[in-house]
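Asks: okay, sequence plus prediction incoming.
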Amino acid sequence: MQQINLYLDEFKKPKEPVTPGLMAQVMAATLALCVVVSCAFLVREWFAVRESINAQAEVERITEESRVLSSQLVERDQRAQFRQSIAQAEEQLTSSETVRAFLAQLQVDNFEGFSVFMKDLARARQQGLRLTQIEINEGGKELSLRGEAVASDLIPKFVKRLAQSESVLNKEQFDSGISKTDLDTFNFTLRSSAVRAR
């Protein structure tokens, strides 16, 4: 009697490399991977859309803030121009009041003689400069002017205009003193040669 060992490799039934169960597992794994990847893309797209909405809202907020700031700046500029106009009007009013007060102190018989001085001073007046005190003595031989200016170069221009006067001011030589104030304006004093010679 001959014995056959069925456990030897040559007698074993060969296994099929691809089985329906293995195919089903591979397909299930592939499907699961596709679902995971799709979900990842969907989540990423959702985050991108949310960031885009947030960015759009931030842009709108910044645009609104810029619009408000622009309107505030325009309003502030208008207020500054209005204040500057008021300051200029006050300067002109103060200068006019100084001249009127000086004329009120003059004697009636001297008014005609001093009117030429007043006309020349009025013609020489310029924006940003005002007279605060006028002294005329000795029938016009002694002249002293005090005033304020927003810029120091306005004072030489004022003296140059006085040199074009119709009265004796066109021949007058002035000794000037200029000092700067805490408000960034300039106080000045102009004295005629008769006053300076004293």
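Replies: Noted; the coordinates are in hand.
Asks: next, residue 187: phi, psi?
Replies: phi -90, psi 140 (degrees, to the nearest 10).
Asks: what does the one 4 residues further on give?
Replies: Listed backbone geometry of residue 191 is phi -120, psi 140, with angles given as degrees, to the nearest 10.
Asks: who's it bridged to?
Replies: residue 144, residue 175 (DSSP bridges).
Asks: wait, residue 163 sits on residue 173?
Replies: No. In this structure, residue 163 is not within contact of residue 173 by C-beta atoms under 8 Å, at 9.5 Å. To be clear about C-beta, it is placed using only N, CA and C from the backbone, and glycine gets the same treatment.
Asks: quick one, helices of the chain?
Replies: 20-105, 108-124, 154-162, 193-197 (DSSP state H).
Asks: now do the third one, average pLDDT.
Replies: Confidence over helix 154-162 (mean pLDDT, whole number) is 85.
Asks: hang on, the earlier thing: can you list the helices of the chain in a markdown table and add distance to residue 144 and mean neighbour count?
Replies: Listed next are the helices of the chain as a markdown table, based on distance: least, C-beta to C-beta, whole Å; neighbours: other C-beta atoms under 10 Å:
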| stretch | distance to residue 144 | mean neighbour count |
| --- | --- | --- |
| helix 20-105 | 12 | 11 |
| helix 108-124 | 12 | 14 |
| helix 154-162 | 13 | 17 |
| helix 193-197 | 6 | 14 |
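Asks: quick one: which of those helices is nearest residue 131?
Replies: helix 20-105 (5.6 Å; C-beta to C-beta).
Asks: how distant is the closest one from the center of its chain?
Replies: 19 Å (C-alpha atoms, centre = their mean, to the nearest Å).
Asks: could you do stretch 123-142 as well?
Replies: 37 Å.
Asks: distance between the ends of it?
Replies: One end of stretch 123-142 to the other measures 20 Å (C-alpha to C-alpha, to the nearest Å).
Asks: follow-up on the earlier one: got the helices of the chain as TSV, with distance to residue 148 columns?
Replies: As requested, those are arranged in TSV below (distance: least, C-beta to C-beta, whole Å):
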stretch	distance to residue 148
helix 20-105	8
helix 108-124	15
helix 154-162	10
helix 193-197	20
